[in-house]
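[1] need a structure here:
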Amino acid sequence: MATLADVVKPNFITVAPEDTLGEVAEKMNAQNVGAVIVKDYGRLIGILTERDMLRAMAARVHTSDARVRLWMTADPITVPPDMDLDDAAQIMLDNGFRHLPVVDGENVMGVASLRRVLGGRRKAASEPAPTPEAA
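    Presented below is the predicted three-dimensional model:
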């Protein structure tokens, strides 16, 4: 059974709550990611996504002045790396999320995207089921 550990990318971007949206947008664009983890003193305090950036743009804020802490989703729902992909997809669909932080205890393992979760489910479904060994 496929889990989040099978699909999460370990090279995620971490930003600080005092970073500007402009700085973060440049990082997101350069790394082609849709979400970043917000940490303060090494602790996960939020997630900032493409949608959060769009909300800020719609509010006509200046990205060179606007701080991450004002636009991030604070205290996001997190999921463990051993969570089944079906369960992760259900959480995302139920809550309208495209990204979830994957956390093992206090350690952020990465960000699970809906695209990678659904792709992992499709790959797992196409693989042949293991056959029981002959006794």
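[2] Enumerate the positions of stretch 44-52 that are buried.
    44, 45, 46, 47, 48, 49, 51, 52 (16 or more other C-beta atoms under 10 Å). For every residue, glycine as well, the C-beta is placed using N, CA and C.
[3] what about the last one, which SS state?
    Each residue gets one of three states, and residue 52 gets helix by DSSP: H, G, I helix; E, B strand; the rest coil.
[4] now do the fifth one
    Here residue 48 is strand, with the state taken from three-state DSSP.
[5] Run through the bridge partners of it.
    Judged by DSSP bridges, the bridge partners of residue 48 are residue 36.
[6] can you pull the pLDDT of it?
    Model confidence at residue 48, given as pLDDT, is 98.
[7] Output the buried residues of stretch 44-52 as a markdown table; include the columns distance to residue 112.
    Formatted as a markdown table, the buried residues of stretch 44-52 follow (distance: C-beta to C-beta, whole Å):
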| residue | distance to residue 112 |
| --- | --- |
| 44 | 14 |
| 45 | 18 |
| 46 | 16 |
| 47 | 11 |
| 48 | 16 |
| 49 | 12 |
| 51 | 16 |
| 52 | 17 |
